[in-house]
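Undergrad: predicted model and sequence follow; I will ask about them next.
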Amino acid sequence: MAAGWDHVEEARARLADERGTIFQEAPLGVALCYPSPYAVAMSSLGFQTIYREICRHPGAVAERAFLPDDPARWPRGTPLFTYESVRPVSEHRVVAFSIAYELEITGLFEVLGLSGLPVLASERSPRHPIVVAGGPLTFSNPRTLEPFVDVVLMGEGEETIHALLERVAASDSKEAALDALCGLNGIHVTGRGLDWPAVAKAPDDRLPAHSQIVTPNTELRSMFLVEAERGCSRVCHYCVMRRTTNGGMRPVPVERVLDKIPPEARRVGLVGAAVTDHPQIEELLRRVVDSGRTLGISSLRACRISQPIADLLARGGYRTLTIAADGSSQRLRDSVQRNTSEEHLLRAARHAREAGLTRVKLYEMIGLPGESEADIDELGRLTTELSKVLPLSLGIAPFVAKRNTPLDGAPFEAMPVLEARLKRLRRAVKGRVDIRSTSTRWAWVEYKLAQGGAAAGLAAWDAWKDGGDFAAWKRAFESRGV
């Protein structure tokens, strides 16, 4: 470990800044890995929830490991280790990953490789750990993970993680544990010929999820996260977390949310797919703000921004109102049942201005099926109008069709067309709007993975081994027939 001493010191420094870290010993050790760096991982409420659940299980302990900030600089021959005990990941009986979205699959390859574990499940022996994957990706398309993992926990993991730990602890071999997991609710054992199960749903009395560890070394600096609700009551055709997923939106009672917030927490983040749809959202925001805390919210719906809510956001420390339209014209928003109108967006901006906020950030998709240049022109006109109310930043992302949505299978718009529409939009706003767009190339890669299966996962592995640039991905997809 001497070659990795700097990384050990970095881990110790981060641990020293944490509040809520769990240090314990138990017979069943789980290396809980995140395929992105520490700052991203520790902003994930799902990752923190599973960490706590594993440590609550009798006879089990979770220790965290992360993708290094710069994997290329990790010392050759030094195994990736867990933070809590500086123990090599490969020495744990279970190596579990929380995976948020498709492009994190290469992080899984990096973590396995740096841990000295074969990336392909078929090349691991009975002496190797059981490799498990779960997380938000399992709500849409975890099939790309199948060549690399032994088990997938589908959907909400508060109960399935305990079923897994119970079977593993009771088994005297890796093969016996995998046999015992077959057929359980929400658990898929790869290579066993069984259909993929439905996503699991945690009982309402297990809500809300909340932070276990608070640290200043994250994207959400020293913020305590707690769910205000889980799921969504809406039916947007492009979204995995829609009304038909796990029973729709499940609001958490206000008192239960507030009870989870520790007295010392000064920054509180309310998490959920549709936080402002909570039936008591105004009361919840007021109670948090009146306690003297600053506030963050993971999802703001323009149609739900009233003047009182905008005022509470300002009192809670907001300076920028972040909302989404997700459709370049009203015609397209209507076609995907995104119930957001121009008036909703303009009214929200006016409320933000009245409350003293200084900017609006609007997220938008381009490339929805049936989009035309006229739709882009409408977006240019709308964003120009919004910029007259408050300075506007416009975040643009190409539409990527996801499994388990009504738009599953919709084609990805040609990259030259997307680039041309971005140029057309920039011309339309004439510098009045700050436009930032995600890469059309990497959106195409995400689309291939989102729509693919095991072959797409193997193509990702090929691309990673080949250097991971866009050309490598194109070659890999073509070679695998994806």
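TA: Here it is on my side, so go on.
Undergrad: residues in contact with the nearest residue to residue 194 once chain neighbours are set aside?
TA: Excluding the flanking residues, the one nearest residue 194 by Cβ to Cβ, 6 or more residues apart in numbering is residue 182, at 6.4 Å. For the C-beta atoms, the positions are set from N, CA and C on the backbone; glycine is no exception. Each residue near residue 182 by Cβ atoms under 8 Å, 6 or more residues apart in numbering is listed here: 189, 192, 194.
Undergrad: gap between the first one and residue 174?
TA: Spelled out, that is residue 189. 11 Å (Cβ to Cβ, to the nearest Å).
Undergrad: overlap in contacts, the two.
TA: Between them, residue 189 and residue 174 share the contacting residues residue 150, judged by Cβ under 8 Å, 6+ apart.
Undergrad: stretch 291-303: how far from the chain's middle?
TA: Stretch 291-303 sits 18 Å away from the centroid of its parent chain (Cα atoms, centre = their mean, to the nearest Å).
Undergrad: for stretch 92-106, that is, sorry about that
TA: Per Cα atoms, centre = their mean, the centroid offset for stretch 92-106 relative to its chain is 12 Å.
Undergrad: what average pLDDT does it get?
TA: Computed over stretch 92-106, the mean pLDDT rounds to 97.
Undergrad: what's the end-to-end length of that stretch?
TA: End-to-end span of stretch 92-106 (Cα to Cα, to the nearest Å): 21 Å.
Undergrad: the closest residue to residue 143 other than its chain neighbours: how many residues sit nearby?
TA: Spatial nearest neighbour of residue 143, excluding adjacent residues (Cβ to Cβ, 6+ apart): residue 453 at 4.4 Å. Counted with other Cβ atoms under 10 Å, the neighbours of residue 453 add up to 15.
Undergrad: which ones are touching residue 453?
TA: 143-144, 146.
Undergrad: how about residue 257, secondary structure?
TA: helix (DSSP: H, G, I helix; E, B strand; the rest coil).
Undergrad: spit out the contact partners of it.
TA: Taking Cβ under 8 Å, 6+ apart, one finds 208, 226-228, 270, 284 in contact with residue 257.
Undergrad: and the gap between it and residue 110?
TA: Where residue 110 is concerned, residue 257 sits at a distance of 36 Å (Cβ to Cβ).
Undergrad: show only the entries of the contacts of residue 182 found in strands.
TA: Cross-referencing these against strands under DSSP state E gives residue 189.
Undergrad: turn the contacts of residue 182 into TSV, columns for distance to residue 350.
TA: Listed next are the contacts of residue 182 as TSV, based on distance: Cβ to Cβ, whole Å:
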residue	distance to residue 350
189	54
192	57
194	54
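Undergrad: which residue is nearest the centroid of this protein?
TA: residue 100 (3.7 Å; Cα atoms, centre = their mean).
Undergrad: thought it was touching residue 44?
TA: Yes: in this structure residue 100 lies within contact range of residue 44 using Cβ atoms under 8 Å: 6.9 Å.
Undergrad: gap between the nearest residue to residue 299 once chain neighbours are set aside and residue 63?
TA: Leaving out its chain neighbours, the residue that sits closest to residue 299 by Cβ to Cβ, 6+ apart is residue 275, at 5.1 Å. Separation of residue 275 from residue 63 (Cβ to Cβ): 31 Å.
Undergrad: right, and residue 345 touches residue 301 too?
TA: No: counting by Cβ under 8 Å, residue 345 does not reach residue 301; the two are 10.6 Å apart.
Undergrad: neighbour count winner among these two?
TA: The neighbour count for residue 345 versus residue 301, taken as other Cβ under 10 Å, is higher for residue 345 (23 against 18).
Undergrad: quick check: which element contains the more buried one?
TA: helix 342-355 (DSSP states H and E).
Undergrad: what's next to that helix, contact-wise?
TA: 302-303, 305-307, 309-311, 313-314, 321, 323, 325, 330, 360, 362, 382, 385-386, 389-390.
Undergrad: could I get that helix in PDB with only the CA atoms?
TA: Extracted as PDB, the C-alpha positions of helix 342-355 are listed here (Å, rounded to 0.1, in the frame of the first residue of the first chain):
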ATOM      1  CA  GLU A 342     -45.400  29.300 -21.800                       C
ATOM      2  CA  GLU A 343     -47.500  31.100 -19.200                       C
ATOM      3  CA  HIS A 344     -46.300  28.700 -16.400                       C
ATOM      4  CA  LEU A 345     -42.700  29.500 -17.300                       C
ATOM      5  CA  LEU A 346     -43.100  33.200 -17.700                       C
ATOM      6  CA  ARG A 347     -45.200  33.400 -14.500                       C
ATOM      7  CA  ALA A 348     -42.500  31.500 -12.500                       C
ATOM      8  CA  ALA A 349     -39.900  33.900 -13.800                       C
ATOM      9  CA  ARG A 350     -41.900  36.900 -12.700                       C
ATOM     10  CA  HIS A 351     -42.500  35.400  -9.200                       C
ATOM     11  CA  ALA A 352     -38.700  34.800  -9.000                       C
ATOM     12  CA  ARG A 353     -38.000  38.400  -9.900                       C
ATOM     13  CA  GLU A 354     -40.500  39.700  -7.400                       C
ATOM     14  CA  ALA A 355     -38.900  37.500  -4.700                       C
END
